[in-house]
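A.B. asks: predicted model follows, preceded by the sequence.
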Amino acid sequence: MNVDDSDMDAVDRDHEPLDPSSAKSVLQKLVRDHIAQETVNQKVKECVRDLAMEHEGSPQTLSVEEIRSKIRSKGLVNDVLQSLGVGEDSALEASKKPHSMQKIKGKKGEKFLHLTFHGGSAFIEQQGYETSTLRIHVQFRNQRFTSEEYACVCDPGFQESFLLQLPSFTDTSDTSSNTLFNIKDRIHFVVIRQNADTQRCEVIASEFVDFRPTILRSILEGRYVVALRASFVLYTFIKFLLNPICSGFIHCWLVFERTSIRSVKVHGIGMHNSLPTGIIHMKMELIPQMQLNFDAEEIAVMMTQEKDKRVLQERQFLVHAQKWWEEYTSIRPTHKKRLVKLFAEDESGSRKPIFTYLRRVKPSRAIETPLQAARFVSLFKYLHRVNDGLDSIGSGGRNHEQWFSTHAFLSSKQGDVEDHALLLAGIMLEFGLDLYLCLGTKRCTASEDADDDVPFDDKYLLRKKLNQLERGKEEMYMWVMVPDDDGHVWFWDPVSGKRYKHWHESDSRHVGEVPSHPFMTIDCVFNETMFAANCQPSHFISECSFDFNDSREWKPLGSDIVTSVRKRYASPPLLLNPSKIDPYELAETFEIELKALIKEHRHLLGMTCRFDRTLEQTLSPSLVAYETEQSHDVLLDNNEFCLAIKKSIPKGHSFKGFPFEMRSLSVQEALHICNKSFVGKEILEIHGDQVWHAVRCRVCVFPEDVVTVWVMLACRYLNTV
């Protein structure tokens, strides 16, 4: 489907709120212009003359109603209405007439929900973020849209237009509206605040909206609007002849026009989900417009019954889960302390079974293997959310824990380990793998990304201290497990992107060997069709069996229960948005800016700086090898690189190189990394004879505009030793 900018501009103009004074004057001018035509004016005079002759000699005076009936019988009102695009005898049919959206080319039979934003208000807490912007992410079924950036103010000026494709339904029968109103998928709005300096994104609001009540109200009001338009034109016509007061009709028509714009409150996340963060003013309408025959009361009853049924199903599952939990904890007293988790809250505050969070995600052509998928997910910022305390049944030992929906995680590009694991599993499922999500513990290690808010100069010392304090400790973790045909299992770490081979300690093929993964214990597993808790005497991974069909070792919740609950949240797989970044242009710009910083840095130290372009080109193969190792788990032979370096370095000269990886495009951070490394600082501040520097950058892009940057800082100099 192709939508031209001119088409969308026309749509926006058609749906702008009308100013009362301007709308009144425009319609009156249209009526006057039509009556001013010689033929119409002559017909009006004939009507008045005929009526006067009929009442000649009668004591009664002409009434407004008699004049109106006479004009209507002559077809003059219908002529005026048709000139304005509204037929008197087919007022409801006018609602079906296409407007500028008809220009949009779609496949035959496709139907859309046209969503337009008309500003925002009451975003009070967003005041004071002068360097930040707001952006709205919209998701409906497998479709995702992103707005432009807007200033972070109390009343942001959201002005957007999106077409959400609806599932196919027939609109030719009297029951077609039932098909439309049986679409249970909700629209998900996520509001992101992004800092322009650090490029850090934060979810400030998340809201799931059912479009059906809005469409129902719009259709009902639309019928009255068309009828009022016809009445308004008729009374304007009479006003021109007899000058009656009809401003009340003008007011009614304008009020109905404006009521089609709805104000949707978007609530905060986490502890703030009970309070609205702001209001988004929006309008929804069906495209193309169609005649829908339905009983409004029947539809309202249907949606109420649907809600009651959902509440009943949730209660039934809660009762079943309570019974299952009591049976599980009665096996051993220590089971109460295991990290068995059945429920988790999403960013909107909704508490759902954890296996409903798993959603398939179709990888684009930019992700062609599960290893590339793991690399992609690992590039999302790891933001550890710590919450202590015990909760109710199946809490996993953490109170008010928050899991992001897949759409919110993709929108913010940051989240906890659960968000990473769910996205990785969702992509890997599309590759046809049999996998399980595991909840347990792993050995603590200081995260490279968890302390991004700490000043860069203090990060190195902080990480060193954390490593010393946390060595030997365990933390709650979530990862992906893929069984192998030979009896081994593979553990995939969603945060690091690494995979590890695991075997049972009694495996005769690995006598004296110990798996290298950091995972310590495992307490429950789940996927699309099952949930099971570890009921073995020991939950240490080295001693556990992974035969999930053995009910003596793993207590299942019941595949039929899991399947039935997941049906209520069923939705098509999400699609990853392709990257719009040009990696080559970005890499070249990065190199130029970093070179300028290096020159300035050496100038302040009283040293000159020259760059060897030939040497820079020679550094490229090494950066390719580093990224290949990370994304494909393959160590490339760097023999050609070593030979090229030896050839490009003159006799009697020495070479030094410092490669590093970044998750941002900040050249200032690149310079800080070099200064904090012993080798990097030595290259930056080297002095001697015939010193030449070299900088090479490689930007790797992934879907959703996720990037990783490889940089090599090098130098060659005359060896005086």
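C.D. replies: Received, thanks.
A.B. asks: test my guess that Arg552 contacts Cys535.
C.D. replies: Yes: Arg552 lies in contact with Cys535 (CB atoms under 8 Å); the separation is 7.4 Å. Using the backbone N, CA and C atoms, a C-beta is placed for each residue, glycine as well.
A.B. asks: and the next element down the chain from the lengthiest helix in the chain?
C.D. replies: Determined from DSSP state H, the single longest helix within the chain is helix 296-331. The helix or strand immediately downstream of helix 296-331 is strand 343-345, counting by DSSP states H and E.
A.B. asks: what packs against that following strand?
C.D. replies: Applying 3 or more CB pairs under 8 Å, 6 or more residues apart in numbering; DSSP states H and E, one finds that strand 343-345 makes contact with strand 351-353.
A.B. asks: list the buried residues for the strand it packs on?
C.D. replies: Taking 16 or more other CB atoms under 10 Å as the neighbour-count basis, strand 351-353 is seen to contain the buried residues Lys352, Pro353.
A.B. asks: check stretch 116-133 too.
C.D. replies: By neighbour count on 16+ other CB under 10 Å, the buried set for stretch 116-133 is Thr116, Phe117, His118, Gly119, Gly120, Ala122, Phe123, Glu125, Gln126, Tyr129, Ser132, Thr133.
A.B. asks: stretch 345-359 too?
C.D. replies: Those would be 345-349, 352-359, for stretch 345-359 by 16+ other CB under 10 Å.
A.B. asks: what's the closest of the buried residues of stretch 116-133 to Lys336?
C.D. replies: Top of the list for closeness to Lys336, among the buried residues of stretch 116-133 and by CB to CB, is Glu125 at 39.5 Å.
A.B. asks: check contacts around the residue nearest to that closest one when sequence neighbours are not counted.
C.D. replies: By the measure of CB to CB, 6 or more residues apart in numbering, the closest residue to Glu125 outside its immediate chain neighbours is Thr277, 6.7 Å from it. If a contact means CB atoms under 8 Å, 6 or more residues apart in numbering, then Thr277 has Phe123, Glu125, Val191, Ile204, Ala205, Val266, His267, Gly268 as its contacts.
A.B. asks: please list the members of those residues that lie in strands.
C.D. replies: The subset of those located in strands under the criterion DSSP state E comprises Val191, Ile204, Ala205, Val266, His267.
A.B. asks: circling back: more crowded one of Arg552 and Cys535?
C.D. replies: A direct count of neighbours by other CB atoms under 10 Å for Arg552 and Cys535 places Cys535 higher, at 20 against 10.
A.B. asks: distance of Thr708 relative to Gly497?
C.D. replies: Remark: distance between Thr708 and Gly497 (CB to CB, to the nearest Å) = 10 Å.
A.B. asks: so what's in contact with these two at the same time?
C.D. replies: Counting by CB under 8 Å, 6+ apart, the residues touching both Thr708 and Gly497 are Leu379.
A.B. asks: which residues in the stretch 401-550 of the chain form helices?
C.D. replies: Assigned by DSSP state H, counting those that start in this stretch, the stretch 401-550 of the chain shows helices spanning 406-412, 417-429, 456-470.
A.B. asks: cool, and the stretch 101-250 of the chain?
C.D. replies: Secondary structure of the stretch 101-250 of the chain (DSSP H, counting those that start in this stretch): helices at 176-181, 211-242, 247-258.
A.B. asks: read off the pLDDT value for Ser506.
C.D. replies: Among the per-residue scores, Ser506 shows a pLDDT of 82.
A.B. asks: same check, this time on Pro353
C.D. replies: 95.
A.B. asks: can you tell me the SS state at Ser631?
C.D. replies: Following DSSP: H, G, I helix; E, B strand; the rest coil, Ser631 is assigned to helix.
A.B. asks: do Ile367 as well
C.D. replies: At Ile367 the chain is in coil, as set by three-state DSSP.
A.B. asks: isn't it right up against Pro703?
C.D. replies: Yes: the criterion here is CB under 8 Å, and Ile367 meets it with Pro703 at 6.7 Å.
A.B. asks: how about Tyr129, what does it touch?
C.D. replies: Cys152, Arg193, Asn195.
A.B. asks: now do it against Phe158, distance only.
C.D. replies: Between Tyr129 and Phe158 the distance, using CB to CB, works out to 16 Å.
A.B. asks: now swap in Phe343 and tell me
C.D. replies: The span separating Phe343 from Phe158 equals 34 Å under the rule CB to CB.
A.B. asks: same check on Phe678?
C.D. replies: Counting by CB to CB, the gap between Phe678 and Phe158 amounts to 50 Å.
A.B. asks: who has more neighbours, the two?
C.D. replies: A direct count of neighbours by other CB under 10 Å for Phe678 and Phe158 places Phe158 higher, at 21 against 7.
A.B. asks: phi, psi of that one?
C.D. replies: Phe158 has phi and psi values of phi -60, psi 120 when expressed as degrees, to the nearest 10.
A.B. asks: excluding chain neighbours, what is closest to it?
C.D. replies: Going by CB to CB, 6+ apart, Phe158 has Phe117 as its nearest residue, at 4.1 Å.
A.B. asks: list the contacts for the one you found?
C.D. replies: Residues touching Phe117, when contacts are defined by CB under 8 Å, 6+ apart, comprise Ile136, Ser147, Phe158, Gln159, Glu160, Ser161, Ile280, His281, Met282.
A.B. asks: so what's it bridging to?
C.D. replies: For Phe117, the beta-bridge partners are Glu160, Met282 (DSSP bridges).
A.B. asks: compute the distance between it and Arg193, please.
C.D. replies: Phe117 is 17 Å from Arg193, where distance means CB to CB.
A.B. asks: same thing with Thr708?
C.D. replies: Distance check for Thr708 against Arg193: by CB to CB, it reads 24 Å.
A.B. asks: pLDDT below threshold where in the stretch 51-200 of the chain?
C.D. replies: Judged against pLDDT under 70, the low-scoring parts of the stretch 51-200 of the chain cover residues 55-65, 68, 72-109, 169-178.
A.B. asks: please enumerate the strands of it.
C.D. replies: When assigned using DSSP state E, counting those that start in this stretch, the strands of the stretch 51-200 of the chain occupy the ranges 112-121, 132-140, 143-146, 150-151, 159-165, 187-195.
A.B. asks: leaving out the residues flanking it, which one is nearest to Glu306?
C.D. replies: Beyond its immediate neighbours in the sequence, the residue positioned closest to Glu306 (CB to CB, 6+ apart) is Lys184, lying 7.3 Å away.
A.B. asks: so which of the contacts of Phe117 is the closest to Ser620?
C.D. replies: Sorting these by distance to Ser620 puts Ser147 at the head of the list, at 37.7 Å, by CB to CB.
A.B. asks: got phi/psi on the closest one?
C.D. replies: phi -80, psi 170.
A.B. asks: number of nearby residues for it?
C.D. replies: 19.
A.B. asks: enumerate every residue touching it.
C.D. replies: Shown here is Ser147, whose contacts under the criterion CB under 8 Å, 6+ apart are Phe117, Arg135, Ile136, His137, Val138, Phe158, Glu160.
A.B. asks: can you rerun that using 10 Å?
C.D. replies: For Ser147, the residues meeting the contact criterion (CB atoms under 10 Å, 6 or more residues apart in numbering) are 117, 134-138, 156, 158-162, 191-192.
A.B. asks: now swap in Phe491 and tell me
C.D. replies: With contacts defined as CB under 10 Å, 6+ apart, the neighbours of Phe491 are 438, 442, 479-482, 498-502, 515, 517-519, 522, 541.
A.B. asks: got a PyMOL select line for the buried ones in these?
C.D. replies: The PyMOL command for the buried members of the contacts of Phe491 (criterion: 16+ other CB under 10 Å) is given here:
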select buried, resi 438+442+479+480+481+482+498+499+500+502+515+517+518+519+522+541
